[in-house]
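need a structure here:
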Amino acid sequence: MKHLKTILLATALCIGSISFSQAQSKVAHINTQELIAAMPAMKAAQQELQALQKTYETDYQASVTEFQTKMKQYESEATSKTQEENAKRMQEIQTMQQNIQQFQADAAQNLEKKRIDLLQPITEKAKAAILKVGRAQGFDYVLDSGVGVAILADGTNLLDDVKKELGI
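Below is the predicted model:
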């Protein structure tokens with residue numbers, strides 16, 4: 001996020017210096033985060049991600065519960081077992097713990113990959129609509145005002161026009 005703000009600031013400075021040499025440049029702005037959040041495809045993607053996350057959470061909780069049950073059982077039976085059996089059981093517990101940690105890491109990685117796969121077409125569609133509307137209205141630059149940097153206070157906001165283009 002910090003890197004994005006730096007890039008936007010650099011872009012704003014670059015555009016500012018270009019505007020001195022080309023006073024005719026037309027600039028508009030749009031809050032892309034708000035646009036993408038309003039897209040129906042984004043809502044469907046969020047629901048799909050939440051369902052996948054719940055599945056992973058359920059599987060994780062089942063593994064943790066099984067681990068805790070086995071741990072309690074082994075602790076209660078430790079005095080009646082041989083040292084060799086206890087060592088074998090301890091190894092089994094450690095393996096279960098490692099498997100749970102690996103599952104958690106894999107689930108997070110799979111969830112992030114799925115998020116990227118779902119969001120990429122949505123952001124590309126939004127970008128295409130922004131470019132189409134910006135060009136149709138004769139703008140040379142369309143800046144993203146959704147990252148917390150106030151670039152233009154009085155510039156044209158394309159959000160409503162792009163929403164109309166996307167049918168939102």
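
His29 looks like it's in a strand, true?
Yes - assessed with DSSP: H, G, I helix; E, B strand; the rest coil, His29 lies in a strand.

Would you mind confirming that it is in contact with Asp161?
No - the criterion here is Cβ atoms under 8 Å, and His29 misses it with Asp161 at 11.9 Å. Just so you know, the C-beta spots here come from the backbone N, C-alpha and C atoms, and that holds for glycine as well.

what mean pLDDT does the helix or strand containing Lys132 have?
Secondary structure assignment for Lys132, by DSSP states H and E: helix 83-136. In this model, helix 83-136 has a mean pLDDT of 94.

now stretch 55-75
For stretch 55-75, mean pLDDT rounds to 94.

Tell me who's in contact with Glu34.
Gly146, Leu159 (Cβ atoms under 8 Å, 6 or more residues apart in numbering).

roughly how far apart are it and Gly134?
Shown here: Glu34 relative to Gly134, a distance of 16 Å by Cβ to Cβ, to the nearest Å.

Tell me the spacing between the closest residue to Lys114 other than its chain neighbours and Ala41.
In space, and not counting its chain neighbours, Lys114 is closest to Leu52: 6.1 Å by Cβ to Cβ, 6 or more residues apart in numbering. Distance of Leu52 to Ala41, given as Cβ to Cβ: 16 Å.

Ok, Ala78 next?
55 Å.

And the contacts of stretch 98-111?
Outside stretch 98-111, the residues within contact range by Cβ under 8 Å, 6+ apart are Leu49, Leu52, Gln53, Tyr56, Asp59, Tyr60, Ser63, Val64, Phe67.

Give me the nearest residue to the fifth one, chain neighbours excluded.
What sits nearest to Asp59 in space, not counting adjacent residues and going by Cβ to Cβ, 6+ apart, is Phe103, at 7.1 Å.

Tally up the residues packed near the one you found, please.
Phe103 sits with 15 neighbouring residues when counted by other Cβ atoms under 10 Å.

So Gln61 versus Ile100, what's the distance?
10 Å.

ok, these two, which is more surrounded?
Remark: of Gln61 and Ile100, Ile100 carries more neighbours, 15 against 10, as counted by other Cβ under 10 Å.

Leaving aside the residues adjacent along the chain, what's closest to the residue positioned nearest the centre of the chain?
The centroid of the chain falls nearest to Arg115 when counting by Cα atoms, centre = their mean (5.9 Å). Nearest non-adjacent residue to Arg115, counting by Cβ to Cβ, 6+ apart: Leu49, 5.8 Å away.

Done for today, thanks.
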